[in-house]
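>>> Just the structure for this:
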Amino acid sequence: MVIDINLTGQFLCMREAVRRFRTQPKGGRPARSAGAIIAMSSVHEIIPWAGHLNYASAKGGVRMLTRSLAQEVAADGIRVNAVAPGAIRTPINKEAWDSEEALTKLLRLIPYGRIGEPEDVARAVLWLASDAADYVTGTTLFVDGGMSLYPEFRDNG
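From the prediction side, this is the model:
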């Protein structure tokens, strides 16, 4: 089920978006894009997560889906990118931040020193969808406060 939702579901949505965008003319200047597709990934597209193989594998698949589709449809003027949140203050991971002890443990993984807010992710998605990101395709934007920088190596490992 996790792979169905996190990978297959995004594949099906992307496929339909491409079909629709291909029927639209490319935009005029400054935007040249016929459309922008933004996948929802996770820091676990690159950070392994023992005990959560299905989730980490699905997000790794989203990374390759994003890159491969971007390569396939770039000539059609369709941009494909992903956003990869780290620890975001949402109800789904409340146990990781709802006590002082849990938050202290979590913040050791975040070099920037704070948990992300849903608005942090929303602003990244908004930028990737905007004309300001017209020359960006095939990449993942990490919104993670540095989680993907392997913070355990901050002090030279």
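
>>> Quick check, Leu69 in contact with Val80.
Yes: taking contacts as C-beta atoms under 8 Å, Leu69 lies within contact range of Val80: 4.8 Å. Every C-beta, even on glycine, is put in place using the N, C-alpha and C of the backbone.

>>> any shared contact partners between the two?
Listed contacts common to Leu69 and Val80 are 14, 37; contacts here mean C-beta atoms under 8 Å, 6 or more residues apart in numbering.

>>> Neighbours of the spatially closest residue to Asn81 that is not a sequence neighbour, how many?
The shortest distance from Asn81 to any non-neighbouring residue, by C-beta to C-beta, 6 or more residues apart in numbering, is to Leu128 (5.0 Å). When neighbours are counted by other C-beta atoms under 10 Å, Leu128 registers 22.

>>> Please name every helix or strand in contact with the host helix or strand of Leu128.
Following DSSP states H and E, one finds Leu128 within helix 118-129. Helix 118-129 is packed against strand 35-40, strand 78-85, strand 140-143, with contacts defined by 3 or more C-beta pairs under 8 Å, 6 or more residues apart in numbering; DSSP states H and E.

>>> Helix or strand next in line after the longest one, which one?
Once the chain leaves strand 78-85, the next helix or strand it forms, by DSSP H and E, is helix 100-107.

>>> sorry, back to before: CA atoms of the helix holding Leu128 as CSV?
C-alpha atoms of helix 118-129 as CSV (Å, rounded to 0.1, in the frame of the first residue of the first chain):
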residue,chain,number,x,y,z
PRO,A,118,4.2,23.0,6.4
GLU,A,119,4.6,26.6,5.0
ASP,A,120,8.3,25.8,4.3
VAL,A,121,7.3,23.1,1.9
ALA,A,122,4.5,25.1,0.4
ARG,A,123,6.8,27.9,-0.5
ALA,A,124,9.2,25.5,-2.2
VAL,A,125,6.4,24.0,-4.2
LEU,A,126,5.1,27.4,-5.1
TRP,A,127,8.5,28.5,-6.4
LEU,A,128,9.0,25.3,-8.5
ALA,A,129,5.6,25.8,-10.1
